[in-house]
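K.L.:
here is a sequence with its predicted model. Questions after.
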Amino acid sequence: MKARELNQKKIAVDNDGYLINFNDWDEDTAQVLAERTKLGELTPKSLAILQFIRDHYKKFSFFPIVAAICKNAHEPKDCVTEKFINPLIAWKVAGLPHPDEPIISLLEAGQSPG
């Protein structure tokens with residue numbers, strides 16, 4: 001586990017850069033996670049997509065269907081790929097817990113789990 005200093009608070013991430021504590025996430029944390037994954041500056045639209053992913057995960061304990069993310073964020077159907085390269089990066093920047101290997105494989109293939 002690694003700790004990163006962010007605005008005078010430490011953010012714990014695992015060895016793969018996933019946030020350890022779901023509740024440590026905020027827009028500043030998202031920006032640091034985005035920079036670490038080479039995404040650069042997050043836009044308000046990107047943050048809205050991340051917030052939808054987090055809200056869905058918090059309510060249902062799983063990643064939303066990719067098409068539903070874009071629809072609910074009022075974005076084009078390929079918004080996750082356009083903004084985050086693939087859903088796995090969106091998962092990480094949204095501060096969701098480290099996924100299991102089968103989930104990683106699905107997300108890397110651009111598919112939704114479940």
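P.N.:
The structure has been received and is ready for your questions.
K.L.:
below-threshold pLDDT in the protein: ranges please.
P.N.:
1-9, 110, 112, 114 (pLDDT under 70).
K.L.:
at 90 what do you get?
P.N.:
1-12, 15, 17, 32, 35-37, 40, 62-88, 100, 102-114 (pLDDT under 90).
K.L.:
show me where it has its helices.
P.N.:
Assignment of helices within the chain using DSSP state H yields the ranges 27-36, 44-60, 66-72, 79-84, 87-93, 101-108.
K.L.:
okay, those helices, which one's buried deepest?
P.N.:
helix 87-93 (a mean of 24; mean count of other CB atoms under 10 Å). C-beta here means a position set from N, CA and C on the backbone, and glycine is covered the same way.
K.L.:
list of residues touching that one?
P.N.:
17-19, 30, 33-34, 37, 39, 42, 49-50, 53, 63, 66, 69, 80-81, 83-84, 99, 104, 107-108, 110-112 (CB atoms under 8 Å, 6 or more residues apart in numbering).
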